[in-house]
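**Student:** Here is my input, please return the structure:
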Amino acid sequence: MDDSIRQNTMSTRPYEITILGATGWTATICAEHIAKTFPTNTKWCIAGRSAAKLEVLRQELRAINPDRLEPDNYVIPQLDGAGLNPLVRDTEVLINGIGPYHRHGTPIVEACARNGTHYVDFSTETAWIAQMIRDFHKVAKGSGAIIIPAISGSSAPSDLVAWLIARHLREKSLPAASEIVCSGKLNMLGMQGGSLHTVLDVAKTYGINGWLTSDTSVLVPDPKHVVKKSQGFLGHRYDQHLGHLTTSFVAWGNESVVQRSAALNPKIYGQNFVFNEYSPATGHISALLMHIVTKLGIFLLALPWFRSFVRGKSFDPGSGPDRDESRKIESAEWRAVGYVTDNKEPVALAKFSYEGALVDMAAILAVEAAASINQMDKNGTTGAGLLTPSTLGITFVDRLRAVGFDLMVEGLESH
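**Tutor:** Here you go, the predicted structure:
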């Protein structure tokens with residue numbers, strides 16, 4: 001779609017942002033963040049299947065800031081084209097908080113892709129994202145829709161530190177990164193019920209092969225261009241800036257998203273780029289134990305009795321650890337270094353960190369991404385299709401910095 005036509009179409013839509021599934025565990029915090037921090041004249045909507053729950057949420061949002069424009073309530077009769085299209089056509093960006101996405105997300109992505117409505121979600125479901133790319137990337141490109149799954153704490157941090165390094169090297173007229181090595185650490189009070197149940201559902205629906213093989217080519221247009229992951233001995237790797245590293249359960253999904261970013265923007269990342277993510281370890285023994293536990297956990301996910309056992313011990317979907325305690329205890333940090341061909345020493349370091357509840361981090365990432373899309377779309381500075389968090393570029397980074405995230409990149413040596 002022509003950019004001028006798309007901008008004119010968007011400017012006539014009643015809502016700048018709609019939160020679908022707004023009364024859910026994470027989506028509620030999205031609404032609270034808008035109520036606390038967005039311009040008071042922001043036109044927005046909270047949508048879901050329960051009119052009563054939506055009204056309770058709207059009253060809570062009114063108490064946060066009674067002087068701002070209130071969101072409209074919208075009751076979705078059913079999650080299909082007939083139920084979704086009227087709402088989707090009225091909004092510029094939709095934040096989808098209804099998971100698991102492989103169960104409920106496909107008709108929502110389709111409605112947005114066909115109606116030129118921008119979309120973000122909290123998905124960690126790599127196989128489902130691959131399916132959405134196959135089915136709706138071309139449709140979204142044609143309609144002008146920007147569709148970004150996995151915008152939140154699942155893959156955005158990894159994608160942004162990789163982009164910061166790749167961009168830094170290009171700005172300094174250095175060669176493109178041949179490899180970026182990343183260490184991701186989450187300090188968690190506990191895993192919210194919806195996230196854990198999603199992992200179990202994904203293992204049941206798609207199996208565990210993705211986690212075992214770590215095939216990071218699943219989201220890219222041409223898998224032949226993806227360099228295979230370098231494997232350390234029993235998961236262990238050592239980097240002078242990142243320390244001891246070991247196997248990460250979330251690496252497959254995060255690496256796949258970053259490799260898609262590289263495939264979509266080869267001018268920045270180069271043709272032979274590879275991104276490897278690990279968890280930090282304290283030493284060789286710690287790395288070995290974490291590797292064994294991670295691999296064992298993946299194998300156990302294939303067993304129905306184990307999934308049932310974990311379900312029985314977890315929070316229910318829509319609930320999680322105490323939010324006030326989480327805000328005191330939890331934090332997240334991703335650190336990454338970039339290497340170039342024929343240089344054994346890294347040439348750049350980037351960091352993404354957040355102090356506070358991880359559910360807050362996820363919600364704020366989604367909302368600030370939605371605002372970034374609107375900001376960039378009005379300037380005609382972004383493309384369309386099934387994209388990745390880093391395609392929102394410095395606009396997204398600057399918005400995150402403004403609300404308390406620490407993102408930085410620096411060179412490690414001069415050339």
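**Student:** List the buried residues in the helix of greatest length in the chain.
**Tutor:** Longest helix in the chain by number of residues (criterion: DSSP state H): helix 358-379. By neighbour count on 16 or more other Cβ atoms under 10 Å, the buried set for helix 358-379 is 358-377. C-beta here means a position set from N, CA and C on the backbone, and glycine is covered the same way.
**Student:** Which parts of the stretch 151-300 of the chain are helices?
**Tutor:** 156-171, 193-206, 209-213, 251-264, 266-269, 284-301 (DSSP state H, counting those that start in this stretch).
**Student:** would you turn these into TSV with mean neighbour count?
**Tutor:** Converted to TSV, those look like this (neighbours: other Cβ atoms under 10 Å):
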stretch	mean neighbour count
helix 156-171	25
helix 193-206	19
helix 209-213	16
helix 251-264	26
helix 266-269	17
helix 284-301	16
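**Student:** mind giving me TSV with those helices and columns for mean pLDDT and distance to residue 180?
**Tutor:** Below are the helices of the stretch 151-300 of the chain laid out as TSV (pLDDT from 0 to 100; distance: least, Cβ to Cβ, whole Å):
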stretch	mean pLDDT	distance to residue 180
helix 156-171	96	5
helix 193-206	84	26
helix 209-213	85	21
helix 251-264	94	8
helix 266-269	93	9
helix 284-301	92	20
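**Student:** Can I get the ones you listed in TSV including distance to residue 394?
**Tutor:** Below are these laid out as TSV (distance: least, Cβ to Cβ, whole Å):
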stretch	distance to residue 394
helix 156-171	8
helix 193-206	29
helix 209-213	31
helix 251-264	14
helix 266-269	12
helix 284-301	34
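**Student:** Mind checking these for the one nearest to residue 149?
**Tutor:** Closest of the helices of the stretch 151-300 of the chain to residue 149 is helix 251-264, at 8.6 Å (criterion: Cβ to Cβ).
**Student:** picking that back up, return the list of helices and strands in contact with the longest helix of the chain.
**Tutor:** helix 3-11, strand 15-20, helix 27-37, strand 91-96, strand 118-121, strand 146-148, helix 323-329, helix 393-402 (3 or more Cβ pairs under 8 Å, 6 or more residues apart in numbering; DSSP states H and E).
**Student:** can you tell me which residues contact residue 158?
**Tutor:** 182, 184, 254, 255, 257, 258, 275, 277, 334, 336 (Cβ atoms under 8 Å, 6 or more residues apart in numbering).
**Student:** biggest separation within those, which pair?
**Tutor:** So for these, where distance means Cβ to Cβ, the most widely separated pair is 257 and 336, at 13.9 Å.
**Student:** Of the contacts of residue 158, just say which sits nearest to residue 145.
**Tutor:** Nearest to residue 145, judged by Cβ to Cβ, of the contacts of residue 158 is residue 257 at 18.4 Å.
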